[in-house]
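**Q** Model the following, please.
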Amino acid sequence: MKEEENGINKDMQLFTDKFEPAKYKLMDNEIEVRGMKDIHRSLVGAAVIIERLGLKVSISHDGGMLSYGAFKVRNN
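**A** Take a look at the predicted model:
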């Protein structure tokens, strides 16, 4: 996977550019998207972007992240 200057790969950078999260945290091989008011709509929207663009990333979410409206996008 090609890494960009900011340390994330091309697919994750493209996801960030298209999804345009207001808040996110870069972590090793993943991005944690935060501050989503409607988490269900955000997860569906993220999945649509990933599928439409054929990105090699996946979404993960657990109950603990619900309290601050977050989910993770990881490299595959």
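
**Q** mind listing the strands for the protein?
**A** Counting by DSSP state E, the chain has strands at residues 23-27, 30-34, 57-60, 71-75.

**Q** Contacts for stretch 54-64, please.
**A** For stretch 54-64, contacts defined as Cβ atoms under 8 Å, 6 or more residues apart in numbering pick out 1, 11-12, 14-15, 39, 43, 46-47, 49-50, 70-76. To be clear about C-beta, it is placed using only N, CA and C from the backbone, and glycine gets the same treatment.

**Q** on that earlier part again, may I see the strands of the chain arranged in a markdown table, with mean pLDDT and mean neighbour count as well?
**A** Putting those into a markdown table (pLDDT from 0 to 100; neighbours: other Cβ atoms under 10 Å) gives the following:
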| stretch | mean pLDDT | mean neighbour count |
| --- | --- | --- |
| strand 23-27 | 90 | 13 |
| strand 30-34 | 93 | 20 |
| strand 57-60 | 96 | 15 |
| strand 71-75 | 94 | 19 |
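
**Q** Okay, now the unreliable bits of the chain?
**A** 1-7 (pLDDT under 70).

**Q** Residue for residue, what is the longest helix it has?
**A** helix 39-53 (DSSP state H).

**Q** and residue 68, what does it touch?
**A** 34, 35.

**Q** Nearest residue to residue 71 in space, please, no chain neighbours.
**A** residue 61 (4.1 Å; Cβ to Cβ, 6 or more residues apart in numbering).

**Q** Tell me the spacing between that neighbour and residue 30.
**A** Taking Cβ to Cβ, to the nearest Å as the measure, residue 61 falls 12 Å from residue 30.

**Q** Mind giving me the ChimeraX command for buried ones among the contacts of stretch 54-64?
**A** Here is the ChimeraX command that selects only those of the contacts of stretch 54-64 that count as buried (16 or more other Cβ atoms under 10 Å):
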select :11,12,14,15,39,46,49,50,70,71,72,73,75
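
**Q** roughly how far out does stretch 54-61 sit from the chain middle?
**A** Its chain's C-alpha centre and that of stretch 54-61 lie 7 Å apart, by Cα atoms, centre = their mean, to the nearest Å.

**Q** ends of it, how far apart?
**A** By Cα to Cα, to the nearest Å, the extent of stretch 54-61 from end to end equals 20 Å.
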